[in-house]
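> Mind looking at a prediction? Sequence and model below.
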Amino acid sequence: MIDTEHVTCDTCTAPTPGVLDASDEASRAWPRVDIEVNPYKHDFPLLASHPGVAFLDSAATAQRPACVLDAERRFYETMNANPLRGLYKLSVEATEAIEQVREQIARLINAPAPVDGTPRSHDIVFTRNTSESLNLVAKSFASTVLSPGDEVAITIMEHHSNLIPWQQACRAAGATLVYLYPTKTGALSDEEIAAKIGPKIKIVAATEVSNVLGCRNPIEKLGAAVHAHGGYLVVDGAQSVPHMPVDVAALGADFLAFSGHKACGPMGVGVLWGRHELLCQMPPMLTGGEMIDSVSEQDAVWAPVPEKFEAGTQDAAGIYATGVALDYLVNHVGYEALQAREAALVHYLMSRITQLPYVELIGSIYWDNHHGVVSFNVKGIHPHDVASIMDMDDVCIRAGHHCAQPLLTWLGVENLACCRASVAFYNDKHDIDAFIEGLEHVWETFHA
């Protein structure tokens, strides 16, 4: 059994030390999925060609199935042309391929149709990654609504991509950045939400799933709270869209950002969805080719949404392959099967890791509070040493601050670093067993 290390802060109570015992575990139902059998690994060329590798870093980037790799090559072999810029057949086909992915994503997240009759797919903007999508909102939208004395609220568990842009936006507008802190289980309480989201709040920006704690935040409650004061909700879906259904209407989101590469797609493709009327009022962040309606010597008129935000040549092949990746997740694997399998993997991982007395968990001691992510440290051993030694056993985990330094500071984590194992549906029992054996190897190396 293990104890967890946490701290308290002035405004809330962080998770207190606790022990996972049999009565706790028995009271929490878990999905009975056969994780010994793996029907997915053969779809992934890297995993199939390296059967001894236990890849447990999917929160950083997912592996790509063969169909996605084939799609990117197929684009270049069959429709390689600059979309939106030509009237010839290849360019038209490339344009249609990208527009079909916009519509596919709009359906996936249940984007509402704009009241002016504009196709809802026009509210899907392609960027390079989640970071760029969030920067676009913070730089182009925040400036239209923030004034001196206003407040922006984020959680202490935000990835730097959803933290630094709001620091910058508040500094530019003379606004104040307010933090929400989680309670014992790593979740945000109703009391904390009520205390922090008041009349001065203009924007709440929050991750749906923490990339360190693995907990899912009550996005619906955050949306209701900020909308009650006439504000706006920005959702970082980087860790949720690849693992669970996301419905922007049900969440009450005004903006949603995520990346293709965490959802089995190529690197370099990000997505921003925003409510149509908000996107229309925003100025572009980047300017140049293809984002204009007309240009004179002294002025320019912007193109309509989404072209207004997509300056220059897009990664058309990557966008096309991202559509194939999302189709693979939703229609080949299916969110229901994906969630059940990942829950079973986390349950097994937690049941094994809690038997190691030298491991300190970061976050909740309960498996069902971890959506694919389990962070931890090994007593007295630097996380970088842990990850390096485990790499010798072909176990791939992440070690460092995970772009969440304020969270680790608040938690009092030594060296502002921890280890993180993150699972995906293509993992299996063998991967978890290799992970546990790797931890045992780490401990033995330092205590031989």
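Great, that's in hand. Numbers count the residues shown, from 1 in each chain.

> Can you pull the poorly scored residue ranges out of the chain?
The model of the chain has pLDDT under 70 over residues 1-31, 85, 184-185.

> Give me the most central residue, it.
With distances taken as Cα atoms, centre = their mean, the residue of the chain nearest its centroid is A238 (1.8 Å).

> does it really touch H261, like I thought?
No. Assessed by Cβ atoms under 8 Å, A238 is found out of contact with H261, at 9.6 Å. For every residue, glycine as well, the C-beta is placed using N, CA and C.

> and the helix or strand harbouring I389, C-alpha only, in CSV?
According to DSSP states H and E, I389 maps onto helix 383-392. Backbone C-alpha positions of helix 383-392 (Å, rounded to 0.1, in the frame of the first residue of the first chain) are rendered in CSV as follows:
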residue,chain,number,x,y,z
PRO,A,383,12.0,11.1,-12.3
HIS,A,384,14.6,11.4,-15.1
ASP,A,385,16.5,8.5,-13.7
VAL,A,386,13.3,6.5,-13.4
ALA,A,387,12.4,7.1,-17.0
SER,A,388,15.9,6.4,-18.3
ILE,A,389,16.2,3.1,-16.5
MET,A,390,12.8,2.0,-17.6
ASP,A,391,13.7,2.8,-21.2
MET,A,392,16.4,0.2,-20.9
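
> quick revisit: roughly how far apart are the residue nearest to the centre of the chain and S58?
Distance, A238 to S58, by Cβ to Cβ, to the nearest Å: 12 Å.

> Between the two, which contacts overlap?
Listed contacts common to A238 and S58 are K262; contacts here mean Cβ atoms under 8 Å, 6 or more residues apart in numbering.

> so where does M244 fall, helix or strand?
Judged by DSSP H and E, M244 forms part of no helix or strand.

> so it makes contact with G334?
No. Using Cβ under 8 Å, M244 is not in contact with G334, being 11.8 Å away.

> And these two? Which one has more around it.
Just comparing M244 and G334: by other Cβ atoms under 10 Å the higher neighbour count belongs to M244, 18 against 12.

> ok, now how distant is that one from E342?
M244 is 9 Å from E342, by Cβ to Cβ.

> Report the set of residues contacting both of those two.
Shared contacts of M244 and E342, counting by Cβ under 8 Å, 6+ apart, come down to H371.

> contacting residues around G223?
Counted by Cβ under 8 Å, 6+ apart, G223 has contacts 204, 233, 251-253.

> What of V395?
Counted by Cβ under 8 Å, 6+ apart, V395 has contacts 54, 56, 434-435, 438.

> Tell me the one among these nearest to A111.
L56 (32.6 Å; Cβ to Cβ).

> give me the number of residues near the closest residue to that closest one other than its chain neighbours?
Nearest residue to L56 in three dimensions, chain neighbours excluded: A421, at 4.4 Å (Cβ to Cβ, 6 or more residues apart in numbering). Here the number of neighbours of A421 (other Cβ under 10 Å) works out to 30.

> Backbone dihedrals for the residue lying farthest from the centre of the chain, please?
The outermost residue of the chain, judged against the average C-alpha position, is E297 (41.9 Å), by Cα atoms, centre = their mean. The phi/psi pair for E297 (degrees, to the nearest 10) reads phi -60, psi -30.
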